[in-house]
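Chemist: show me the folded form of this:
(chains A, B and C)
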Amino acid sequence: MTPQLQPATLKKAERIKSLKTIDELFKNGSSFFLTPFKVLYSLNTSPVSNAAFMVSKRNFKNATDRNRIKRLVRESWRINRHLLHTVKGPIYVQIIFIYTSHNLPGQDTVHLAMHKCIQKICSTEP
RNA sequence: ACUGUUCGCCGGGGUGUCGCCUCAGUCCUCACGGAUUGGGGAGGAAAGUCCGGACAACAAAGAGCGCUGCACCGCCUAACCGACGGGGUCCGUGUUAAAGCGGAUACAGAAAGUGCCACAGAAAAUAACCGCUUCGUGUAAACGGAGUAAGGGUGAAAAUGUGAGGUAAAAGCUCACGGUUCGGCAUAGUAAUAUGUCGGGCGGGUAAACCUUGCGGGUUGAAAGGUCAAAUAAAUCCUGAUUCCGGUUUCGAUCCGGAAGUGGUGUUGCUCGCAUCGCCAUCGGGACGGGUUGACCGACAGAUUCAGAUGGCAACAUCUGAACCAGAUAAAUGACGACCCUACCGGAAUUUAUUCCGGGAAACAGAAUCCGGCUUACGAGCGGACAGUUCAU
RNA sequence: GGCCUCGUAGUUCAAUGGAUAGAACGAGAGUUUCCUAAACUCCAAAUACAGGUUCGAUUCCUGUCGAGGCUA
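Modeler: Numbers count the residues shown, from 1 in each chain, chains lettered A, B, ... in the order given. Take a look at the predicted model:
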């Protein structure tokens, strides 16, 4: 299966749900900070990428705003996920995005930040 | 006409590409699952969690005390601290005065008892400082006794108001007209209550101070509760724990039945009561610990929604017909279109409710078991009421 | 999801329904000193918000807003 033909979907099974794996990522995962995001990730052995998206209740009091940001970030991940499949081959990760800024973003700024994040992961991991 | 306050209505619709959740059908797969077609996919407040229910668990749901809620009347409802209708009181407007109109209202009891009422004032509740009257002493000034609550000043509040009689001076001490409150009777009303009349009382306020009266509330909440799967953990420490009677039997042990006692645990804060386990080598309870953090049910067809008819002033009820309308769980309902239409706004025209041109959806905000309310947040507008300003008649 | 507690100066705490809402630390100004520190003096600063009960609310009641905690 070539990366280009993989549909840009994001099913239930491609999200992190278990408290255990989240704890594991916070403990042992690699992490970096890129302007609006804090990213925690680790390489996955099985050929599936899992993702989770977090927004702090302290920064955004209203549930509407938190929902909107999570949707924007999830949309961006869904569209730009295929960039992880480099020339060397596909990379599969377990990843958490934490939105740390205090103001509401637009879709374009989220896309830009997502591009940078993915490039960073590609450059650091072999 | 504009501005403000308040109440009610409304809180957009379709389409393209990519994507998410769910239900049903078909196909593939041993199965998990996948593919495809079709249906559905946030709100008036989903919010706050302030009331009331449904539902569930607690062998107990039983009683008493405690705690706590409500408080004019009727009615609606599954129920309510809710809604509807009515009454009283207060405020505004209005008026000679009313009526009317609008708004507010935790609106039982202060004559059951207790407490509190700062400062000021004589006194804040068995009133007496100045004053008034009178008697005694005294030349007089004044002092002392008795009576009184008219007047004065203080204060948020000072003992029912006005007038007359009465008296040494006075006082509901007496009388008339009022005010207020309790009771009886009559009339109107289902009732609260209103009007009239008769009789009694009137020495304050505060019950969102304790309290009294009446009517309620068993406790805990879906992390309730149930099923399945997976996983495991024993040990240690602390603590508690019996007697009798009858039957069986030759007697004892054992066993069966009963009674009382005692201890642990549970049952709402306490007591009683109740339930359950034990009373001799094993159990009960606790402490310290260990494992799991999955799936399904609960959980979405209901006090449901829409339309019509009938009854009722209304809230609402009954009947008939039609519809199926979110079900997520680190939590779906999204992203991108200079798109289209509409509510509506601005301008122009005339046929005065239509046409043409331009603009064209804003805010508060995201279901978490489900309903009925309440409260709070909010806007492009529309309609009603009230207040203010200006213009015209 | 459910339950509970608390909001007082810049900070940490007091205050029986009745004083000009008090204390400590801190901030500011001054005295002292050649300058600073220390010390002393002075001064400003608050009841979360909105209603109600009361003659009078930090206190009592109701509703909002905010903060913290507990619960599988």
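Chemist: so residue A:115 touches residue A:79, yeah?
Modeler: No: between residue A:115 and residue A:79 there is no contact under C-beta atoms under 8 Å: 10.4 Å. Where you see a C-beta, it was placed from the backbone N, CA and C, and this is true even at glycine.
Chemist: low-confidence ranges in chain A?
Modeler: By pLDDT under 70, the weakly predicted segments of chain A are A:1-7, A:86-88, A:126.
Chemist: show me where it has helices.
Modeler: A:19-28, A:63-80, A:107-124 (DSSP state H).
Chemist: turn the ones you listed into TSV, including mean neighbour count.
Modeler: Listed next are the helices of chain A as TSV, based on neighbours: other C-beta atoms under 10 Å:
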stretch	mean neighbour count
helix A:19-28	12
helix A:63-80	16
helix A:107-124	16
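Chemist: quick check: residues of chain A near RNA strand B?
Modeler: Contacts of chain A with RNA strand B, taken as C-beta under 7 Å from any atom of the strand, map to A:7-13, A:15-20, A:22, A:52-54, A:62-64, A:67-68, A:70-72, A:75, A:78-79, A:106-107.
Chemist: thank you kindly, that will do.
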